[in-house]
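K.L.:
mind folding the following:
(chains A and B)
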Amino acid sequence: MITGVVRGPGGATIGNVQIPVAGTPAPGAGPGPQPRPPLARPRQGRLLAGVAAGTAAHLRQDPLVVRAAFVVLAALGVGVVLYGLLWLTMPVAEPGAEPVVTLKSGETRSTRQLLALGGLGLVALILFGQVLSFSNGNVVLPLVLVAAGLAVIWRQLDTDRALSLPGVRWVLAGGIALAGGGVVLLLATTGQLANARNGFAATLVILVGIVLATAPLWRRLLDSREAERSARIRSEERAAVAAHLHDSVLQTLALIQRNADDAHAVGRLARSQERELRTWLYEPQVASGGTWAGLVARMVAEVEADHAVTVDPVVVGDAPLDDELAALGAATREAMVNVAKHAEVTTADLYTEVSPDKVSVFVRDRGKGFDPETVPDDRRGLRDSVSGRLARLGGTATIRSAPGEGTEVELVLPREKTE
Amino acid sequence: MSEPVRVFVVDDHAMVRAGVRSELGDEVTVVGEAADVEEAVERIRTTVPDVVLLDVHLPGGGGRAVLETLRAELPTVRWLALSVSDAAEDVIAVIRAGARGYVTKTISGPDLQAAVRRVADGDVVFSPRLAGFVLDAFSAAGPAPAPAEDPATDPGLDLLSAREREVMQLLARGYTYREIGSRLFISVKTVESHASNVLRKLQLSNRNELTRWAATNRLL
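P.N.:
Numbers count the residues shown, from 1 in each chain, chains lettered A, B, ... in the order given. Sure thing, here's the model as predicted:
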């Protein structure tokens, strides 16, 4: 019903307009081929509450025309009611879906506002005259005060700005003071102040009574909302943890049960699962990778999965991965694989330290060792892929070993100073 | 070997306690067990063991709470942290509260026995991981000591000497004290004293970097 009224003032041609189908311009439907924008109040370009601007955008009319229509109607009284109703019923436009307020070219904004304000002033004058005509002049000033105060309050509450902003609060307080003062003045001039005071006191007492009586209820409502919220957060966290545990720990436990006879396999499974869980719990930034420490953790897990060796990595410092570090990683991995293949032990120590000028890696085992002077042919892998790789990077690889005393591979990669 | 070392095991998992008990073997006597802070404080007071194997994570305040309650009261008791936790701040916190070392629960039986004996003899026990934490914590700062505002503050507490750093690096690389000694041409006793000094610095240092390091690691 309201929309019917709306179309009256602004869109006399509304009857001829066809609903445009998307993509096919409807003749005579307005300046653009787009479908008619929804009836909504824009966030920008408002004069009072955006009712006229929104209506104009919806009707594809110049806002000025619509505003003028409102002004004329307001002079008759209908416009004010209509404006208020529309204000209440029109939603505020979604961000990004602002109704476009079309401006006629050649007119600047300020002249338009001036015109509109002039129109409003006219309405005010007419209203003023009407009020004057059927009452004594004393009530006019209080009424204007109340109206102005209400307008200020409404405008403030109607925006998106947070109420916690000090500016908004002050303006609100000013509006309330203005409206309150108007009411008091109105009552005073009509001689109803004493009555109103009694009524006010009675209302206040009743209100306080109601609030006090229902206080536990409010309290419970608030508490239960809070409890509900934290319960929801908890259950979400729980679900995330449960999902992770299911994908990792439970799967591994199932694998362990299946391999219960194979002590080596069980040990390796338990070990890699332990590492994964530990990383997830304590080193999320390593688990996400992208750094030297993350690469080392991944490589250790891979080597342990593929070979019968457990490696205890100790990482000091960290650095973002680059090509050189990736190559150093490949050499480190080769050194670990060598332990698994040749050292005849099941454990190795890996220590790596990132300092400002170099990255060092030590892979040490307590296996059978060998005499570096008489490198057997099957140790070529160590020489070619570890030493060769490091030499190409400009680093050094040192191998310390003696029969029966284990082996230690030391890799040093100099870092360029980037600063 | 004189009398067996009297050991007290504090861990909230009965399975872990049983496992530790069997791994410790005959050379040490397990004189008691406890599963939480309150029980541990009470029983350690009555048994006064030589060494307490202390879990870092315990219901009722963690291993640190037990240490802080009893350390001054029972100066003869030595503490060795035993944990699955790799979180640096937990380990550093227990060391700073007075533990003489830190080993992970994946340690082998013979290694655990050796660690207990070492702690009972007054030495400190650095696992490679703890050595790594120490290097990480102390390498955050540049080499120059900041001018001390308080003259009582020993600036040496905030830095590792070159030798101490070397010892820590070798420990992190998996070397034993004996191997470090022969590598650096120093006696095992000297290696031990370097390790004790590092532990003391870790416990006494007020260095901002150390605190900040622990704080950032806690945030991660």
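
K.L.:
what's the longest helix in the chain?
P.N.:
Just going to use chain A. With secondary structure taken from DSSP state H, chain A has its longest helix at helix A:193-245.

K.L.:
chain B, not that one
P.N.:
For chain B, the longest helix by residue count, based on DSSP H, is helix B:188-204.

K.L.:
mind listing what's buried in that helix?
P.N.:
For helix B:188-204, the neighbour count (16 or more other Cβ atoms under 10 Å in any protein chain shown) marks B:190-195, B:197-199, B:201-202 as buried. Where C-beta positions appear, they are placed from N, C-alpha and C, glycine not excepted.

K.L.:
so how far is that helix off the chain centroid?
P.N.:
11 Å (Cα atoms, centre = their mean, to the nearest Å).

K.L.:
convert it to CSV, retaining C-alpha atoms only.
P.N.:
Extracted in CSV, the C-alpha atoms of helix B:188-204 (Å, rounded to 0.1, in the frame of the first residue of the first chain):
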residue,chain,number,x,y,z
VAL,B,188,85.6,-34.4,31.0
LYS,B,189,85.6,-32.5,34.2
THR,B,190,86.1,-29.2,32.3
VAL,B,191,83.3,-30.1,30.0
GLU,B,192,81.1,-30.7,33.0
SER,B,193,82.0,-27.4,34.5
HIS,B,194,81.2,-25.6,31.3
ALA,B,195,77.9,-27.3,31.2
SER,B,196,77.2,-26.3,34.8
ASN,B,197,78.1,-22.7,34.1
VAL,B,198,75.7,-22.6,31.2
LEU,B,199,72.9,-24.0,33.3
ARG,B,200,73.7,-21.4,36.0
LYS,B,201,73.6,-18.6,33.5
LEU,B,202,70.3,-20.0,32.2
GLN,B,203,68.9,-20.0,35.7
LEU,B,204,70.2,-16.6,36.8
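
K.L.:
centre of the chain to stretch A:273-280, how far?
P.N.:
Worked out by Cα atoms, centre = their mean, stretch A:273-280 lies 30 Å from the chain centre.

K.L.:
tell me how many other residues crowd the residue in chain B positioned nearest to chain A.
P.N.:
Here chain B gets closest to chain A at one residue, B:G174, 2.9 Å apart by Cβ to the nearest Cβ. By the criterion of other Cβ atoms under 10 Å in any protein chain shown, B:G174 has 24 neighbours.

K.L.:
report the separation between it and B:A40.
P.N.:
From B:G174 across to B:A40, the span is 32 Å (Cβ to Cβ, to the nearest Å).

K.L.:
next up, the contacts around A:G149.
P.N.:
Counting by Cβ atoms under 8 Å, 6 or more residues apart in numbering or on different chains, A:G149 touches A:175-182.

K.L.:
quick check: what element follows the longest helix of chain A along the chain?
P.N.:
Next in sequence after helix A:193-245, counting helices and strands by DSSP states H and E, comes helix A:251-258.

K.L.:
is any residue of that next one near chain B?
P.N.:
No: taking Cβ under 8 Å from any Cβ of the partner chain as the criterion, helix A:251-258 and chain B are apart, separated by no less than 15.1 Å.

K.L.:
for B:R100, grab phi and psi.
P.N.:
phi -90, psi 10 (degrees, to the nearest 10).

K.L.:
that one reaches B:R71, doesn't it?
P.N.:
No: using Cβ atoms under 8 Å, B:R100 makes no contact with B:R71, being 10.9 Å away.

K.L.:
pLDDT of the longest helix of chain A, averaged?
P.N.:
In this model, helix A:193-245 has a mean pLDDT of 86.

K.L.:
what do you get for stretch B:183-193?
P.N.:
90.

K.L.:
run through who's touching it.
P.N.:
Against stretch B:183-193 from outside (Cβ under 8 Å, 6+ apart): B:123-124, B:163, B:166-167, B:170, B:175, B:177-178, B:180-181.

K.L.:
state the helix or strand in which A:V303 lies.
P.N.:
helix A:292-306.

K.L.:
packing partners of the next helix or strand after that helix?
P.N.:
Going down the chain from helix A:292-306, the next helix or strand is strand A:310-316, by DSSP H and E. For strand A:310-316, the packing partners by 3 or more Cβ pairs under 8 Å, 6 or more residues apart in numbering or on different chains; DSSP states H and E come out as helix A:263-282, helix A:292-306, strand A:347-354, helix B:128-139.

K.L.:
reformat those as JSON lines; add mean neighbour count.
P.N.:
Shown next, in JSON lines, are those (neighbours: other Cβ atoms under 10 Å in any protein chain shown):
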{"stretch": "helix A:263-282", "mean neighbour count": "16"}
{"stretch": "helix A:292-306", "mean neighbour count": "19"}
{"stretch": "strand A:347-354", "mean neighbour count": "23"}
{"stretch": "helix B:128-139", "mean neighbour count": "24"}
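
K.L.:
many thanks, have a good one.
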